[in-house]
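> coords please:
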Amino acid sequence: MALFGLFSKEKKESLDKGLEKTKQSFFSKLGKAVAGKSKVDDEVLDELEEILITSDVGVDTTIKVIERIEERVARDKYLGTEELDSILREEIANLLEENNSEDLADFVLPDHKPHVILVVGVNGVGKTTTIGKLAAQFKAKGKSVVLGAADTFRAAAVDQLKLWGERVGVPVVAHGMNTDPSAVAFDAVKQGVETGADLVIVDTAGRLHTKVNLMNELSKIKRVMQKFIPEAPHEIVLVLDGSTGQNAFIQAQEFTKATEVSALAITKLDGTAKGGVVIGISDQFKIPVKYIGVGEQVNDLQVFNKAEFVDSLFKK
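Just a heads-up that it's a prediction; the model follows:
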């Protein structure tokens, strides 16, 4: 087992298990595509293209991968099907590397404090759960955390974040349902500054309403944060549900138009065969995938590591 010096054995096993459905689906299809064939020809490449698209890698990224493999086939003249796995692995690893995102070894924060994260995403993607798990993991690292319940359009979202706060042992700033989200964000950042917190995480409404309303709401939240910290928010993390496949692409398009998303968290990869969405979204949007969710437990929210992800996806 390759650990690359970054992952613990437990985290790697969790990642392997979380990507199992994607891996099984992908390689069973690939096995059928190359059955009885010794050479990578046009027919095999057509089959591979269909497999990548149905694994939710996305059309544009799939075309890019196929073109690169075609170049290698033309260059090497004779390419055996037994080499296809390793070539595919190399090209996917290359695509992820080209995103220029830095692999993090663990949950770490910059030196400034508080570090302010604004979390966006539609309802049902695991946004509030992701915030709770982030709070738990940073708290376990000895960091002080303040949460802001600025998704004020759903009572359930406010209540869920409060429950996470109680569970983790971190304060939650909440004004209740139908209150001004920017006022919650203001008070959360204010509390973070006054208490010397290391991290402030602010939840936002998970509605894909018109982009104008979304932009106005998020812009207002950012403006009030900047009254305390001119650089805030330091990160805007978009949470996407990996099991929704192409819907995740659409959501990424909408939110990246509405605000300056700086990082992605892709959840629920353990319950789907659509793990290829991580590759496509990383490639198409050039936004670093920072966190992935591969299970229900707190520690199943992991810092995304490109080498480990590819290793788990192609591990036999």
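> pull the distance from the one helix or strand residue 189 maps to to the chain's centre.
Following DSSP states H and E, one finds residue 189 within helix 181-195. Here helix 181-195 is found 26 Å from its chain centre; the criterion is Cα atoms, centre = their mean, to the nearest Å.
> for that helix, which positions count as buried?
Neighbour counts over helix 181-195 (16 or more other Cβ atoms under 10 Å) mark 181-193 as buried. In this view, the C-beta of every residue, glycine as well, is placed from N, C-alpha and C.
> for the record, mean pLDDT for that helix?
Here helix 181-195 scores 96 as its mean pLDDT.
> which residues does the helix or strand just after it contact?
Where DSSP H and E defines the elements, the next helix or strand beyond helix 181-195 is strand 199-203. With Cβ atoms under 8 Å, 6 or more residues apart in numbering as the test, strand 199-203 has contacts from 109, 113-119, 127-128, 131, 134-135, 138, 143-151, 157, 161, 184-185, 188-189, 191-192, 221, 225, 233.
> next structured bit after strand 199-203?
Scanning forward in sequence from strand 199-203 by DSSP H and E, the next helix or strand is helix 211-225.
> any weak-confidence spans in this protein?
Judged by pLDDT under 70, the chain has its weakly predicted residues at 1-7, 77-78, 100-105, 208-211, 316.
> show me the helices in it, by range?
Remark: helices of the chain, listed N- to C-terminal, are 9-18, 20-34, 42-54, 59-76, 84-97, 127-140, 155-168, 181-195, 211-225, 246-258, 277-285, 306-314; assignment by DSSP state H.
> ok, which of the ones you listed comes nearest residue 295?
Ranking the helices of the chain by proximity to residue 295 (Cβ to Cβ) places helix 9-18 first, at 5.6 Å.
> in that closest one, what's buried?
11-12, 14-16, 18.
> between the residues you listed, which sits nearest residue 44?
Distances from residue 44 to those, taken by Cβ to Cβ, are shortest for residue 16, at 27.2 Å.
> just the closest of the buried residues of helix 9-18 to residue 300, please.
residue 14 (5.5 Å).
> distance of the closest one from residue 305?
In this structure, residue 14 lies at 12 Å from residue 305, with Cβ to Cβ, to the nearest Å as the measure.
> related to what we said a few turns ago, redo the buried residues of helix 181-195 as TSV? Include distance to residue 81.
Supplementary listing: the buried residues of helix 181-195 in TSV, determined by distance: Cβ to Cβ, whole Å:
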residue	distance to residue 81
181	54
182	57
183	61
184	56
185	54
186	60
187	60
188	55
189	56
190	61
191	60
192	56
193	60
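> give me the helices and strands touching the helix holding residue 189, please.
Counting by 3 or more Cβ pairs under 8 Å, 6 or more residues apart in numbering; DSSP states H and E, the packing neighbours recorded for helix 181-195 are strand 115-120, strand 145-149, strand 172-173, strand 199-203, helix 211-225.
> out of these, nearest to residue 298?
Between residue 298 and the helices and strands packed on helix 181-195, the shortest gap by Cβ to Cβ is with strand 145-149, which sits at 13.4 Å.
> quick one: contacts for residue 297?
With contact set as Cβ under 8 Å, 6+ apart, residue 297 has these partners: residue 14.
> surely residue 252 is in contact with residue 285?
Yes - counting by Cβ atoms under 8 Å, residue 252 does reach residue 285; the two are 5.6 Å apart.
> overlap of the contact sets of the two?
Counting by Cβ under 8 Å, 6+ apart, the common neighbours of residue 252 and residue 285 are 261, 264.
> these two: which is more packed in?
Set residue 252 next to residue 285 and count neighbours by other Cβ atoms under 10 Å: residue 252 wins out with 22 against 18.
> now tabulate the helices and strands packed on helix 181-195 in a markdown table and tack on mean neighbour count and distance to residue 260.
Conversion of the helices and strands packed on helix 181-195 to a markdown table gives the following (neighbours: other Cβ atoms under 10 Å; distance: least, Cβ to Cβ, whole Å):
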| stretch | mean neighbour count | distance to residue 260 |
| --- | --- | --- |
| strand 115-120 | 25 | 10 |
| strand 145-149 | 29 | 19 |
| strand 172-173 | 24 | 23 |
| strand 199-203 | 29 | 15 |
| helix 211-225 | 17 | 9 |
